[in-house]
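In: Model the structure of this input:
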Amino acid sequence: MKFKDMEVNLIYGGLSYENGEFIKNNHYSNSIARGCMLNFELVHNNILIGLAMVGEPVSNRCQDKYSLFGGKVMELKRLCLIDDTPKNSESFFLGKIMKIIQKETDVEVILSYADPEFDHSGVIYKAANFDIIGREQYPSVKYRLGDRAYHKRQLYGDSKTSKMLKEALALGILEKIHCKPKHIYTYRFKRKYGVFSNDKVDYINHKANKLEDVFIGEL
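Out: Below is the predicted model:
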């Protein structure tokens, strides 16, 4: 399997059932992400070997926190490949995705997180020229029921999952977990409002780290 035989495509119209199952089977979260308008497939000889999902961050405050010029901030929420791929395939896939977003959208910043709970430090982001912002200021909170972990957001609302978690909480069988703070990365596109200098990158990193609000990513 060689990179020259791989193709990256922007998926229009949302994920198919098959693509959703691919994410569930190959991403460590075993789930798809909600609200993703930009989805990408990595194909080798017409066979699907990778998928990525990009959408709006959960918190609308990320816009003010990470944008310098008022451009759109999007979050890379899922990226996964099959195990049988060459070394550096994730960074290759990610680099191609950034080129497509640069060409096809007006997005200013792509935000992503590396989760140390799964031994992720962000190596693929560094290789794809992302800037490291730092870590979340506070540990994220999840809940464990049986052998599955749920984000704290899933405890609220009227969904079947929310009702199940509330019942488990009332019964005292829902375990609260404090996770390690995630690594935060951003990729900034060079657009008509100017080329980002190192000073501007330093400024936005400083600005992001000074804010007290902490936003939890999904990757």
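
In: ranges for the strands of the protein?
Out: Ranges of strands within the chain are 6-11, 38-44, 47-55, 72-81, 107-114, 131-135, 141-145, 148-151, 175-178, 183-188, based on DSSP state E.

In: can you tell me which of the ones you listed comes nearest to residue 99?
Out: strand 6-11 (8.5 Å; C-beta to C-beta). Just so you know, the C-beta spots here come from the backbone N, C-alpha and C atoms, and that holds for glycine as well.

In: Contacts for that closest one next, please.
Out: With C-beta atoms under 8 Å, 6 or more residues apart in numbering as the test, strand 6-11 has contacts from 19, 38-44, 49, 89, 92-93, 96-97, 100, 104.

In: Now the buried members of these.
Out: Listed as buried from the contacts of strand 6-11 are 19, 38-42, 44, 49, 89, 92-93, 96-97; burial here means 16 or more other C-beta atoms under 10 Å.

In: Spatially nearest residue to the spatially most central residue of the chain, not counting backbone neighbours?
Out: In the chain, the residue lying closest to the centroid (C-alpha atoms, centre = their mean) is residue 77, at 2.6 Å. Leaving out its chain neighbours, the residue that sits closest to residue 77 by C-beta to C-beta, 6 or more residues apart in numbering is residue 33, at 3.7 Å.

In: ok so, going back, comparing the strands of the chain, which gets the lowest mean pLDDT score?
Out: With a mean of 72, strand 148-151 has the lowest mean pLDDT of these.

In: Relative to the whole chain's centre, how far out is that one?
Out: Relative to its chain's centre, strand 148-151 lies at 17 Å (C-alpha atoms, centre = their mean, to the nearest Å).

In: what are the C-alpha coordinates of that strand, in PDB please?
Out: Output of strand 148-151 as PDB, limited to C-alpha atoms (Å, rounded to 0.1, in the frame of the first residue of the first chain):
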ATOM      1  CA  ARG A 148     -18.400   2.200  28.400                       C
ATOM      2  CA  ALA A 149     -17.600   5.800  29.200                       C
ATOM      3  CA  TYR A 150     -20.000   8.700  28.500                       C
ATOM      4  CA  HIS A 151     -19.300  12.400  28.200                       C
END
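
In: From the contact counts, what lies against it?
Out: Applying 3 or more C-beta pairs under 8 Å, 6 or more residues apart in numbering; DSSP states H and E, one finds that strand 148-151 contacts strand 141-145.

In: what about this structure, any weak spots by pLDDT?
Out: Within the chain, the set of residues satisfying pLDDT under 70 comprises 138-139, 192-219.

In: What separation do you get for the residue of the chain most remote from its centre and residue 144?
Out: The C-alpha centroid of the chain is most remote from residue 171, which lies 33.1 Å away (C-alpha atoms, centre = their mean). Separation of residue 171 from residue 144 (C-beta to C-beta, to the nearest Å): 14 Å.

In: Can I get the strands of the chain in a markdown table including distance to residue 63?
Out: Shown next, in a markdown table, are the strands of the chain (distance: least, C-beta to C-beta, whole Å):
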| stretch | distance to residue 63 |
| --- | --- |
| strand 6-11 | 23 |
| strand 38-44 | 16 |
| strand 47-55 | 13 |
| strand 72-81 | 5 |
| strand 107-114 | 9 |
| strand 131-135 | 15 |
| strand 141-145 | 24 |
| strand 148-151 | 21 |
| strand 175-178 | 28 |
| strand 183-188 | 13 |
